[in-house]
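Asks: Next one to model:
(chains A and B)
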Number of protein chains: 2
Amino acid sequence: MTNFSIDTHLSPIKKEKPNWGELEFGKVFTDHMFIMDYKEGKGWHDARIVPYQPITLDPAAMIFHYGQTVFEGLKAYLAKDGRILLFRPEKNMQRLNRSNDRLCIPPIDEDLALDALKQLIAVDKEWVPTVEGTSLYIRPFIIATEPYLGVSASASYRFMIILSPVGSYYKEGIHPVKILVENEYVRAVSGGTGEAKTAGNYAASLKAQETADQKEYSQVLWLDGVEKKYIEEVGSMNIFFKINDEIITPALNGSILPGVTRDSIIALLKYWNIPVSERRISIDEVMDAYRDGQLQEAFGTGTAAVISPIGELLWNNEKMIVNGGKTGELSKKLYDTLTGIQKGDLEDPFGWVTEIK
Amino acid sequence: MTNFSIDTHLSPIKKEKPNWGELEFGKVFTDHMFIMDYKEGKGWHDARIVPYQPITLDPAAMIFHYGQTVFEGLKAYLAKDGRILLFRPEKNMQRLNRSNDRLCIPPIDEDLALDALKQLIAVDKEWVPTVEGTSLYIRPFIIATEPYLGVSASASYRFMIILSPVGSYYKEGIHPVKILVENEYVRAVSGGTGEAKTAGNYAASLKAQETADQKEYSQVLWLDGVEKKYIEEVGSMNIFFKINDEIITPALNGSILPGVTRDSIIALLKYWNIPVSERRISIDEVMDAYRDGQLQEAFGTGTAAVISPIGELLWNNEKMIVNGGKTGELSKKLYDTLTGIQKGDLEDPFGWVTEIK
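Replies: Just a heads-up that it's a prediction; the model follows:
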């Protein structure tokens, strides 16, 4: 790997580390961050690692008005032997550039970004938490910074990487969640930005989540924006069903986020010779399978939670209790295997894991 | 009107004013801005006018990641008699709160916001430009500021108002624009955020605009996200057609922005006893009318450009030349009347205009 020139300014102060056993998700940040700027005509420049600190922007910066921004999320894990491991980070950088293309943001050099990420983690390596179930969450993101109120692509951008030691995404750890099937609001539609990892998709999801919270459901299941019939994804995760011993996940149709965990789960299932298909699946089909006693398991997949078993789906006031509300055998096996590979406890037949030297 | 307590810190420095005759849109900002903060448990607080300056945020501030933000756009005009006039500003504040609701942002006090806006303009009154076709563009906006990477509504926000003296939105002034009917990308869909004035809608529009720019079209015409058949809006404006002496504009269906200029145009037409209907209208209907010689005029409406006559529509490589590519009589009359009322040159039978004392 090329070693790009990244200026490093170490922080004179080391913040006190939180208790690793009490970590929440995304509330505490490390001592340093990575920054690189872009200017039309000059390209990406001034790659640097600096102390974690507030950033200063003109109130007219386009990020505040027209939402031109993309992000990624991935994790670093501490192996038992002390190595720090990343899981398929190149996939995140590839997706970041696909998101950039959709949002009219100039592409980044993926090798440089990967190198920056590794150098940053090496600098803040004491921040990779050591307690079971914890990890260092990595958030690369790009924001439009030009101070201009015309609706157009910005002439300047900032790429940043920040790090946050995290516990489990769900406070309760891996256990089945209750999901509300959303009938009113829509997350994304073909031709929109659903395939990109961009802020507006998440802003659009808050209202439905608010209703789910009120009803004490953990997340919502999004249906397609056209017929409100076909399953898209759950909250901020992809979704899988085990129906009659076949694993089914919605095919990537242009409005579904192509999850790295989703891709890894499909690869694992194929490796195990378990039938898996990516295809269109309607909520009616799931309900029919449930009524016929053939809906065996359901689970969400994503970087933050890895696997979220689904214990209940509520659709039009009708409850589907999945696998008696308990974590399914396959969900558990996938969780154990994937987190085992991620943490270096299990063999990695796919070459997914990268060590940070 | 109540006079709310707004702390005012005047800038020690007055920036040099640009040449009013050479103003572009949204590139120059005045000497001051308005800020008010929100914190869960405390509500909106610390309303203040301060020198225009950069703002400082944590890199984890939710605005950078999940796009929870809303904005408004309106203008102040200098009348010939020296009065500074606002056009229906209460409509913008009402819409800001409707957008807030969709984006799970706590509502603002509309009277306070209006008062703040007026006080801010009074402080920067020398920045209302004096040249024909110019105005002071006003941008109220709210951003989520909590440093937290969980996908949820922020616990803190900042409401700001910034001001920018502007020339015409289109450099060429009022003259017919060429519009590309968009077949691939989608701006919004029912159940999404199209009705709200929020950043993600604009981010989603950039890619299509890029294609329009390449083909030398001024903006795109959005079709509905479900059937890609029904007309929604054009670029960042609402759209009207004059077909067989009837004025038609798409009905507000949940994915169209309810424009203040749109509402004013409908009121003007009704006042003039010109038949106007808000209903679903397909691109096929427009094409059929064009082929039959009944498509008489088309124009976009919005705060920035007021009225944009449409001289050409390109759909599936077929061109519709509207009114010989020239500004239609009605488009011109609406532009002259509305800008006349806005600038205090014409009588205001609707009570739309508010003076800033």
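Asks: element containing A:S308, please.
Replies: Assessed by DSSP states H and E, A:S308 sits inside strand A:306-315.
Asks: If you could redo that for A:I142, that was the one I meant.
Replies: Under the assignment here (DSSP H and E), A:I142 is part of strand A:135-144.
Asks: does A:E297 count as helix, strand or coil?
Replies: strand (DSSP: H, G, I helix; E, B strand; the rest coil).
Asks: At which residues are the helices of chain A located?
Replies: For chain A, applying DSSP state H gives helices covering A:63-66, A:89-102, A:110-123, A:199-214, A:260-271, A:283-291, A:329-342.
Asks: one step back: direction included, what does the strand holding A:S308 pair against?
Replies: strand A:177-181 (parallel), strand A:295-302 (antiparallel), strand A:318-321 (antiparallel) (DSSP bridges).
Asks: Report the inter-axis angle for that strand versus helix A:260-271.
Replies: 100 degrees (axes from the mean of the first three to the mean of the last three CA atoms, to 10 degrees).
Asks: got the CA positions of strand A:306-315 in PDB?
Replies: Extracted C-alpha coordinates of strand A:306-315, given in PDB (Å, rounded to 0.1, in the frame of the first residue of the first chain):
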ATOM      1  CA  VAL A 306     -24.400  -6.500  12.800                       C
ATOM      2  CA  ILE A 307     -27.500  -8.800  13.200                       C
ATOM      3  CA  SER A 308     -30.700  -7.700  14.800                       C
ATOM      4  CA  PRO A 309     -33.100 -10.700  15.100                       C
ATOM      5  CA  ILE A 310     -36.700  -9.600  14.600                       C
ATOM      6  CA  GLY A 311     -39.100 -11.100  17.200                       C
ATOM      7  CA  GLU A 312     -42.300  -9.300  16.000                       C
ATOM      8  CA  LEU A 313     -43.600  -7.500  12.900                       C
ATOM      9  CA  LEU A 314     -46.700  -5.300  13.300                       C
ATOM     10  CA  TRP A 315     -48.600  -4.700  10.000                       C
END
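Asks: show me where pLDDT drops low in chain A?
Replies: A:1-4, A:169-173 (pLDDT under 70).
Asks: and the residue of it found nearest chain B, how far is that from A:I55?
Replies: Of all residues in chain A, A:G200 sits closest to chain B, at 1.9 Å by CB to the nearest CB. Where C-beta positions appear, they are placed from N, C-alpha and C, glycine not excepted. To A:I55, A:G200 is 21 Å away according to CB to CB, to the nearest Å.
Asks: Those two: who's more crowded?
Replies: Higher neighbour count among A:G200 and A:I55: A:G200, with 30 against 19, using other CB atoms under 10 Å in any protein chain shown.
Asks: List the residues that contact A:P165.
Replies: Contacts for A:P165 (CB atoms under 8 Å, 6 or more residues apart in numbering or on different chains) come out as A:17-18, A:20, A:23, A:28, A:30, A:127-129, A:134-137.
Asks: filter these by proximity to chain B?
Replies: Restricting these to those near chain B by CB under 8 Å from any CB of the partner chain leaves A:Y137.
Asks: okay if I get the contacts of A:P165 as a markdown table plus neighbour count?
Replies: Below are those laid out as a markdown table (neighbours: other CB atoms under 10 Å in any protein chain shown):
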| residue | neighbour count |
| --- | --- |
| A:K17 | 14 |
| A:P18 | 15 |
| A:W20 | 15 |
| A:L23 | 22 |
| A:V28 | 19 |
| A:T30 | 24 |
| A:W127 | 21 |
| A:V128 | 22 |
| A:P129 | 23 |
| A:T134 | 19 |
| A:S135 | 27 |
| A:L136 | 22 |
| A:Y137 | 24 |
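Asks: Of the contacts of A:P165, which is the nearest to B:I121?
Replies: Lowest distance from B:I121 to the contacts of A:P165 (CB to CB) belongs to A:V28, with 42.1 Å.
Asks: Got phi/psi on the closest one?
Replies: Dihedral angles phi and psi of A:V28 (degrees, to the nearest 10) take the values phi -120, psi 140.
Asks: you'd agree it is up against A:S164?
Replies: Yes - using CB atoms under 8 Å, A:V28 is in contact with A:S164, at 6.0 Å.
Asks: Report the separation between A:Q94 and A:A113.
Replies: Applying CB to CB to A:Q94 and A:A113 gives a distance of 10 Å.
Asks: More neighbours: these two, which one.
Replies: Shown here are A:Q94 and A:A113; by other CB under 10 Å, A:A113 has more neighbours (25 against 15).
Asks: so how far is A:Y77 from the more buried one?
Replies: From A:A113 to A:Y77 the distance is 20 Å (CB to CB).
Asks: Any idea how many residues pack against the nearest residue to A:T301 once chain neighbours are set aside?
Replies: Excluding the flanking residues, the one nearest A:T301 by CB to CB, 6 or more residues apart in numbering or on different chains is A:T261, at 4.2 Å. Applying other CB under 10 Å, we find 23 other residues in the vicinity of A:T261.
Asks: And for the one 10 residues further on?
Replies: A:Y271 sits with 11 neighbouring residues when counted by other CB under 10 Å.
Asks: need the contact list for the closest residue in space to A:T193 that isn't next to it in sequence.
Replies: Nearest non-adjacent residue to A:T193, counting by CB to CB, 6+ apart: B:A204, 4.8 Å away. By CB under 8 Å, 6+ apart, the contact set of B:A204 is A:G192, A:T193, A:G200, B:Y185, B:V186, B:R187, B:A188.
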